[in-house]
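Enquirer: Based on what follows, work out the 3D shape:
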Amino acid sequence: MSEKQFRVLICDGLVPEGLAIFENEPNFEVHNQVGISRQALLETIPSCDAVIIRSATQIDKEVLEAGKRLKVIARAGVGVDNVDITSSTRRGIVVMNAPSGNTTSAAEHTMALMLSLLRNVPQSDAKMRGGGWDRNGYIGKEAFGKTLGIIGLGRIGRTVAKRAQAFEMRTIGCDPFASAESAAADGIELVDQEVLFGSSDIITLHTPLTDDTEGLINRERLAKTKKGVFIVNTARGQLVVEDDLAEALKSGHVAGAALDVFQSEPPKSSPLIGLANVITTPHLGASTDEAQANVGIMVAEQVIDALLEREVRNAVNMPSLDSETQRVLGPYIDLADKLGQFVAQLVKGKISRIEVHCQGAITKENITPITTGATRGVISTLMPDAVNFVNAPILAEMQGLCVETSQRSEAAGFTNLVKVTLETGEQKLSASGTVFEGREDPRIVMVDDYVVEARPFGDLLVVRNEDKPGVVGLVGTVLAENGINISGMSLGPDRDQPWALEIINVDQPVPADVINTLNQSELILSARSVRIN
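Expert: Numbers count the residues shown, from 1 in each chain. Predicted coordinates for the structure are as follows:
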């Protein structure tokens, strides 16, 4: 391998515009192996930091286990059903896609199929190519005034609605994650699935493939549709039970179907291929010059930014942060991480609960990444080599940790404040921190009821002692006698008790024998060594 820092494997090809972006990055080595075999993939992946795929390459558990260095899996497109998301997440690998790059192309292809279906364009074209002329046999239907039922109101579904509305169609939709207000803003009436199936003249599918959506179009649901309904699918073939749809097409209950995707591709034995009232295309939804260029550029930039730890966009297994959100939340994610590390090394007993409380202007954003940061910090003290921001939530779940988040819009005395509290069977301990304006590095400002201002970096000595003269000198003398230099110190009293807390930055870890010496003093209640990465 060359001296370049990151190695990227491209399995299913990437447009020249995407490759050019990598060429302009000196720290990246790209291996473009279109049509790579399974065996070659397993042999190559161990040395790769990222892999870029389309639909042809399967990234399953075996590939992931071989990819010891793998940090990023990028799908140059939307669907990631050819990636084992669960195993990727457990291994801390970011899985990302490029959802907006082909939105326009997919929506336009949907409209092309729908209009071709309504007007019998492919069938009449084939007739004429065979020398025929049959104006009466191919009488179609207008789109005007029809009800279009859209299942899935993501980017593509909403873009289809906008184009359908230009034909003066009524657009209704169902999506468990959409609100009636957001749908209405796009001219879509949000309805439940039963209403959609019973009211639509045309049903178009734009939902991802999940356990809940697999086999969505089946015999039972087709029976609830209007007689003469049309079905369009440019999403995923597995959304349709092909035998059930073929049966409905043959009976005439479904007037026609336009399909760009199939359960198996290419569809060698599909019962839908060759039916007179079915039109098909070979998965062409994203196949335009513009979409390919957009997706290639997008996925290349995302991989580079993720590996260089600039920002993570369009991740499907962790919260994504665009550059502006990263600018606002980034320092507080780092702060939460450090607070989690700090408290986890001080609390007694087995941790059972992590509570993250945010206050101030940062609560205007989605604070989930801050909670993830705190969770990562805590778990890094238990399994440092296994955890990152991708797998921290799932590892917390595997450890039986309860993670809770709360927020308040005002932060008394601070612009923003993050508080991390850990609970065990023996103790509940918290630390709060902030990032002061004009200063990039975070500060711990409170530990339980102790008010401090400490730098959470590197090696720390945390001492709880009687609030009496001479303690600071005692600690300094013990450290000096053992050749340990102090680089910073914060001393805070307890508001209600005659105790004080010292957080001391030192230039090296404090050995166990030095900790024992400090703990033997009658003035010191406890002394602990802490390391924050």
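
Enquirer: Helices along the stretch 51-200 of the chain, start to end?
Expert: 61-66, 85-90, 103-119, 121-129, 155-166, 180-185, 193-199 (DSSP state H, counting those that start in this stretch).

Enquirer: Quick one: mean pLDDT over the longest one.
Expert: This points to helix 103-119. Taken as a whole, helix 103-119 has an average pLDDT of 96.

Enquirer: tell me the angle that helix makes with helix 155-166.
Expert: Orientation check (axes from the mean of the first three to the mean of the last three Cα atoms, to 10 degrees): helix 103-119 against helix 155-166 gives 50 degrees.

Enquirer: Which elements pack onto helix 103-119?
Expert: The contact analysis (3 or more Cβ pairs under 8 Å, 6 or more residues apart in numbering; DSSP states H and E) places helix 103-119 against helix 155-166, strand 202-205, strand 229-233, strand 254-259, strand 278-280, helix 289-307. C-beta here means a position set from N, CA and C on the backbone, and glycine is covered the same way.

Enquirer: Dump that helix to PDB, keeping only the CA atoms.
Expert: C-alpha atoms of helix 103-119 as PDB (Å, rounded to 0.1, in the frame of the first residue of the first chain):
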ATOM      1  CA  THR A 103     -34.600  12.500  -6.700                       C
ATOM      2  CA  THR A 104     -35.500  14.400  -9.900                       C
ATOM      3  CA  SER A 105     -34.600  11.500 -12.200                       C
ATOM      4  CA  ALA A 106     -36.600   8.900 -10.100                       C
ATOM      5  CA  ALA A 107     -39.600  11.200 -10.000                       C
ATOM      6  CA  GLU A 108     -39.500  11.900 -13.700                       C
ATOM      7  CA  HIS A 109     -39.200   8.200 -14.500                       C
ATOM      8  CA  THR A 110     -42.300   7.500 -12.300                       C
ATOM      9  CA  MET A 111     -44.300  10.100 -14.200                       C
ATOM     10  CA  ALA A 112     -43.100   8.700 -17.500                       C
ATOM     11  CA  LEU A 113     -44.200   5.200 -16.500                       C
ATOM     12  CA  MET A 114     -47.500   6.400 -15.200                       C
ATOM     13  CA  LEU A 115     -48.400   8.400 -18.300                       C
ATOM     14  CA  SER A 116     -47.200   5.600 -20.500                       C
ATOM     15  CA  LEU A 117     -49.400   3.200 -18.500                       C
ATOM     16  CA  LEU A 118     -52.400   5.400 -18.800                       C
ATOM     17  CA  ARG A 119     -52.000   5.900 -22.600                       C
END
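
Enquirer: what does it contact?
Expert: The contact list for helix 103-119, computed with Cβ atoms under 8 Å, 6 or more residues apart in numbering, reads 78, 121-122, 138, 140-143, 148, 155-156, 159-160, 163-164, 202, 204, 206, 230, 232, 234, 256-260, 279, 281, 284-288, 290-291.

Enquirer: Low-confidence bits of the stretch 401-533 of the chain, can you list those?
Expert: 438-440, 495 (pLDDT under 70).

Enquirer: Could you rerun that using 90?
Expert: 409-415, 425-426, 436-441, 449, 466-471, 492-499, 533 (pLDDT under 90).

Enquirer: contacting residues for the residue nearest to residue 224 when sequence neighbours are not counted?
Expert: Nearest non-adjacent residue to residue 224, counting by Cβ to Cβ, 6 or more residues apart in numbering: residue 197, 4.5 Å away. Residues counted as contacts of residue 197 (Cβ under 8 Å, 6+ apart) are 149, 203, 221, 224-225.

Enquirer: From those residues, pick the one nearest residue 380.
Expert: residue 221 (47.1 Å; Cβ to Cβ).

Enquirer: before we move on, the earlier item: which of the contacts of helix 103-119 are buried?
Expert: Listed as buried from these are 78, 121-122, 141, 143, 148, 155-156, 159-160, 163-164, 202, 204, 206, 230, 232, 234, 256-260, 279, 281, 284-286, 288, 291; burial here means 16 or more other Cβ atoms under 10 Å.

Enquirer: ok, longest helix in the protein?
Expert: helix 323-344 (DSSP state H).

Enquirer: ok, and what's touching stretch 453-462?
Expert: 335, 338-339, 341-342, 346, 433, 441-445, 475, 479, 488, 490, 501-510, 527-532.

Enquirer: From those residues, list just the buried residues.
Expert: For these, a neighbour count by 16+ other Cβ under 10 Å gives the buried set as 335, 338-339, 341-342, 346, 433, 442-445, 475, 479, 490, 501-506, 510, 527, 529-530, 532.

Enquirer: one step back: mark which of the contacts of stretch 453-462 are part of strands, please.
Expert: Among these, the members falling in strands (DSSP state E) are 433, 443-445, 488, 490, 501-506, 527-532.

Enquirer: Just to check, residue 98 is in contact with residue 79?
Expert: No - taking contact to mean Cβ atoms under 8 Å, the distance of 10.9 Å between residue 98 and residue 79 leaves them out of contact.

Enquirer: if you count what's nearby, which of those two comes out ahead?
Expert: residue 98 (27 against 16; other Cβ atoms under 10 Å).

Enquirer: OK, contacts around that one?
Expert: 74-78, 294-295, 298-299, 302, 314.

Enquirer: Residue 191: which of the residues you listed is nearest?
Expert: Of all the contacts of residue 98, residue 191 sits closest to residue 78, with 24.3 Å by Cβ to Cβ.

Enquirer: Now that closest one, what are its backbone angles?
Expert: phi -100, psi -60 (degrees, to the nearest 10).

Enquirer: Residue 152 versus that one, what's the distance?
Expert: For residue 78, the distance to residue 152 equals 11 Å [Cβ to Cβ, to the nearest Å].

Enquirer: which residues do those two both contact?
Expert: Applying Cβ under 8 Å, 6+ apart, one finds that residue 78 and residue 152 are jointly contacted by residue 208.

Enquirer: mind listing what residue 465 touches?
Expert: 471, 475, 499-502, 523-525.

Enquirer: Now the two most distant members of the residues you listed.
Expert: Most distant of these, by Cβ to Cβ, are 475 and 499, 14.5 Å apart.

Enquirer: before we move on, the earlier item: can you say which of the contacts of residue 197 are buried?
Expert: 149, 203, 221, 225.

Enquirer: Tell me which residues of stretch 117-131 come out buried.
Expert: 117-124.

Enquirer: and the gap between the nearest residue to residue 158 once chain neighbours are set aside and residue 275?
Expert: Counting by Cβ to Cβ, 6+ apart, residue 186 is the residue found nearest to residue 158 once chain neighbours are left out, at 5.0 Å. Residue 186 is 33 Å from residue 275, where distance means Cβ to Cβ.

Enquirer: Find the least confident helix or strand in the protein, judged by mean pLDDT.
Expert: Every helix and strand in the chain was compared by mean pLDDT, DSSP states H and E; the lowest is helix 392-398, with a mean of 85.

Enquirer: Touching that one from outside, list them.
Expert: Outside helix 392-398, the residues within contact range by Cβ under 8 Å, 6+ apart are 89-90, 354, 372, 375-376, 378-379, 383, 386-387, 403.

Enquirer: Determine the three-state secondary structure at residue 44.
Expert: For residue 44, the secondary-structure state derived from DSSP: H, G, I helix; E, B strand; the rest coil is helix.
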